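**Q** I'd like to go over a predicted model; first the sequence, then the structure.
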Number of protein chains: 2
Amino acid sequence: MKQKESGCCASKHQKMERFLEISLLMLLFDKKGYGYGLIEQLEDFGFTSEDLNIGSLYRSLRKLADQGLVSSVWEDAGQGPKRRVYTITAEGKDELHNWIPILKERKSRIEQLIETYEKKSSDTQGDKK
Amino acid sequence: MKQKESGCCASKHQKMERFLEISLLMLLFDKKGYGYGLIEQLEDFGFTSEDLNIGSLYRSLRKLADQGLVSSVWEDAGQGPKRRVYTITAEGKDELHNWIPILKERKSRIEQLIETYEKKSSDTQGDKK
DNA sequence: CTTACTATATGCACATTGAATATAGTCATT
DNA sequence: AATGACTATATTCAATGTGCATATAGTAAG
C-alpha cells in the first residue's frame, strides 16, 4: 500500500540528502535568513565549509520555495548587494513538524546499528590481534 | 584541506544511501549471507519491504565486493537455486569499524536538530491555534 | 578603472536510485 | 515432461540528485 505522497514529507524513502533542507527550515523557523548568510549558521548543525556546497544551498532554498515551504523577497542590506531573504510559511512549519518523528526514527536506527556493532565486536574480542 | 579519499569510508560527504551498505556489512560481520536472504534480516535495521529495493540490494552487494569488503562464492542451498553467498573480509571489518564514529556524529547531529526544534517550538507555544 | 568581495544563479557531467524487466534454476502438481 | 509458482541473481532505463565550475552583477576600496 505504501504511504504515497501524503503531502507531508513526501517521498517514502528516507534520504539523507534532505538533511540540508530540514536544517534550513529549522534555521528559518524563528527568523528570516538569506542564502549566503545561512552558510555560517549551518555550522551549528555540523555542516562544514568542506561538505557544504553553495550551489546545493541555493538550489535547496529554491526547492523549498517551489514547494511553498518558504517565501522570499529582495531586501536591501545597506551594505553590499541586495539579498533574497527567506521566511518560513505555515506549510513550512507543518512540514518541519512532520519531519520530527522521521528524524527520531532515523536516530533510533542509527543507535541500533551502533549498539549492534558494539555487541558483535565484543563477542569476537578474543580473536586474533 | 579536506580529508580526501583516505582509504576508509571514502567520500567526505555523509550520504545516507550508504546506510544500506553499512547495514549489510553489519549483518555479514559475524555470519555469511546471501542477497535474497538478507532482505528479511534487514528488517532488524528498520528496512521495510516498501523502502527496500531488491535491485539496490544486489547492487550494493556487488559494490561491496568490488571494494574488497566482502567476498562471495556460489553455494548449493539444497533447496532451490544456488546462492551467491557473501562473507565479510578483514578490510570489510575495518571499514565497518571506521564507520562507527561517523554514525555517532550523524546521530548527534540528528539529536541536535530534534532538540533545536523542541526548544524553538516551545518558545512559540503561545501562538495561534 | 580595476580589483576584491558579497550574493545569487545556472550549466554540466556524473552518480544514485526505484521500477521494471531479464534470466534461470527449483519445486509441486498434473 | 509440461505447466506454473517460487527462489535467486542481475541488468536496463529514466529520473533525479550532486559537486564543481562558472556566470552574473552589485558594492566597496584604492
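**A** That came through fine. Residues are numbered from 1 along each chain as shown, chains lettered A, B, ... in the order given.

**Q** show me what from chain A comes close to chain B.
**A** Proximity of chain A to chain B (CB under 8 Å from any CB of the partner chain) is limited to residues A:2, A:12-17, A:19, A:22-23, A:26, A:29-30, A:44-46, A:50-51, A:96-97, A:100, A:103-114, A:116-117, A:120-121, A:123-124. (Each C-beta comes from the backbone N, C-alpha and C, glycine too.)

**Q** quick check on those: which are buried?
**A** Buried residues within the residues of chain A next to chain B, counting neighbours by 16 or more other CB atoms under 10 Å in any protein chain shown: A:14, A:16, A:19, A:22-23, A:26, A:29, A:45-46, A:96, A:100, A:103, A:106-107, A:109-110, A:113-114, A:116-117, A:120-121.

**Q** can you tell me which of the residues of chain A next to chain B are in helices?
**A** By the criterion of DSSP state H, membership of these in helices covers A:19, A:22-23, A:26, A:96-97, A:100, A:103-114, A:116-117, A:120-121, A:123.

**Q** okay, now the unreliable bits of chain A?
**A** A:1-17, A:125-129 (pLDDT under 70).

**Q** quick one: name the residues of it near DNA strand C.
**A** Within chain A, the positions near DNA strand C by CB under 7 Å from any atom of the strand are A:13, A:34-37, A:54-55, A:58-59, A:61-62, A:77, A:79-85.

**Q** now restrict the residues you listed to buried residues only.
**A** Taking 16+ other CB under 10 Å as the criterion, what is buried in those is A:34, A:35, A:61, A:83, A:85.

**Q** in the sheet, who's paired with the fourth one?
**A** Beta-bridge partners recorded for residue A:83 (DSSP bridges): residue A:75.

**Q** so what's it up against?
**A** Contact partners of residue A:83, counting by CB atoms under 8 Å, 6 or more residues apart in numbering or on different chains, are A:34, A:35, A:36, A:37, A:74, A:75, A:77.

**Q** look up phi and psi at residue A:56.
**A** Backbone torsions of residue A:56, given as degrees, to the nearest 10, read phi -60, psi -40.

**Q** quick one on the thing from earlier: among the contacts of residue A:83, which are in helices?
**A** Using DSSP H, A:35, A:36, A:37 are the members of the contacts of residue A:83 that sit in helices.

**Q** if I look at the closest residue to the second one other than its chain neighbours, how far off is residue A:52?
**A** Leaving aside its sequence neighbours, residue A:36 sits nearest to residue A:83 (CB to CB, 6 or more residues apart in numbering or on different chains; 7.3 Å). Note on residue A:83: its distance to residue A:52, by CB to CB, to the nearest Å, is 18 Å.

**Q** repeat for residue A:27
**A** For residue A:27, the distance to residue A:52 (CB to CB) stands at 13 Å.
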